Structures are given as C-alpha cells and as structure tokens.
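Peer 1: have a look; sequence and predicted model below, questions after that.
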Amino acid sequence: MGESFPVVDHEVVAECQSDYQRVFQKGTEEEITASLFRLVWALVHCQEKVYIGRGYDMAKLQISKGGDQVREFKYLAAVALHKLGRNIEARRQVQELLKEQPQFRQAEYLNSCVEEALIKDGLIGVGAVGAVAAVAGGGLAFFFCG
C-alpha cells in the first residue's frame, strides 16, 4: 500500500504562519485555536523535516494543554513521528488514539502505514544483518583457509 498523505509547500506554511500571527494579535480564542491547528497541520504535512519537527513540538504542547482538539493534535503528532521515521513512537501514539477513538478512520489508515513501515524497516534490518554475517563469514573463511 502506498502512502497518501497531503503534502504542502513552504508557501502554505508561510501563509499559515502569517495568518496565525495576525489572528493571535486580534482574534478570539476560537479563531486563534483554529489558526494554530491549520499551522500545525501545514507544518506536519510539509516535506522538510525541520518543519515536521516543529509541528510535532507544537502538537505535543497543545496535547498537554488539553481542550477540544486533543484528538486531532494527537493524530498530527503521530503523523509527524511517522514522517520523521520514529515509527515505534508513532505506533504507540496512534494505538493509544485508537483505544480512545476506535472509529477514527484517519488514525486507522495511519496505523496501517506505520505498521507497514515497521515491517519494511525490519526487513531492511534483517537484510543488513545478513549481509554483515556473509561478509564476516567470508572473511573468517579466507583467514582460516587462506
């Protein structure tokens, strides 16, 4: 299964950042929260790891504060972890989310992507260990027979 997550560019991130700064100055609490959510969403869905990391940090901060959008920020944090290659943490986060919200379809999809990535990483790891063992075995055979 190929992953299909939205992707945004630097312009979208800049627009969301600008919007958040503007709303933060003059907006209501509801407008600020909505604008912050859009910014975190854009950061997590950007391709630059530094932006993804920033989005993750912002999502975790919002999770710690609680509120109406905790579920969505937990999901975005898990997406960020997955995109950063931290799949064991992503799996833990998304499975916790699915325990709380078993019908959360986006989280179900993310969980399948994380599981697939973990399997792929495991197969690559097994292949690397096999290659190292083959080289070591060849070296030992050469040493003892040569």
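Peer 2: Looks like it arrived, so ask away. Residues are numbered from 1 along each chain as shown.

Peer 1: what residue is smack in the middle of the protein?
Peer 2: With distances taken as CA atoms, centre = their mean, the residue of the chain nearest its centroid is residue 80 (2.2 Å).

Peer 1: surely that residue meets residue 56?
Peer 2: Yes. The criterion here is CB atoms under 8 Å, and residue 80 meets it with residue 56 at 3.6 Å. Quick note: C-beta positions are derived from backbone N, CA and C, even for glycine.

Peer 1: overlap of the contact sets of the two?
Peer 2: With contacts taken as CB atoms under 8 Å, 6 or more residues apart in numbering, residue 80 and residue 56 have residue 44 as neighbours in common.

Peer 1: mind listing what residue 98 touches?
Peer 2: Here residue 98 is in contact with 104, 107, 108, 111 (CB under 8 Å, 6+ apart).

Peer 1: distance of it from residue 74?
Peer 2: With distances defined as CB to CB, to the nearest Å, the gap from residue 98 to residue 74 amounts to 10 Å.

Peer 1: quick one: low-confidence ranges for this protein?
Peer 2: Along the chain, the model assigns pLDDT under 70 to residues 1-2, 123-146.

Peer 1: hey, where'd the strands end up in it?
Peer 2: When secondary structure is read from DSSP state E, the chain shows no strands.

Peer 1: helices along that one, start to end?
Peer 2: The residue ranges that make up the helices of the chain, judged by DSSP state H, are 10-26, 29-44, 49-65, 70-83, 87-100, 105-145.

Peer 1: among the ones you listed, which comes closest to residue 3?
Peer 2: Residue 3 sits nearest to helix 105-145 of all the helices of the chain, at 5.2 Å, using CB to CB.

Peer 1: just checking, residue 39 touches residue 15?
Peer 2: No. Because the distance of 9.4 Å does not satisfy CB under 8 Å, residue 39 is recorded as not touching residue 15.

Peer 1: report the buried members of the contacts of residue 98.
Peer 2: Restricting the contacts of residue 98 to buried positions leaves 104, 107, 111, with burial counted as 16 or more other CB atoms under 10 Å.

Peer 1: show me what contacts the second one?
Peer 2: Shown in contact with residue 107 (CB under 8 Å, 6+ apart): 75, 78, 94, 97, 98, 101.

Peer 1: those residues, buried ones only, as a PyMOL selection?
Peer 2: Burial among the contacts of residue 107 is assessed by 16+ other CB under 10 Å; the matching PyMOL selection reads:
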select buried, resi 75+78+94+97+98
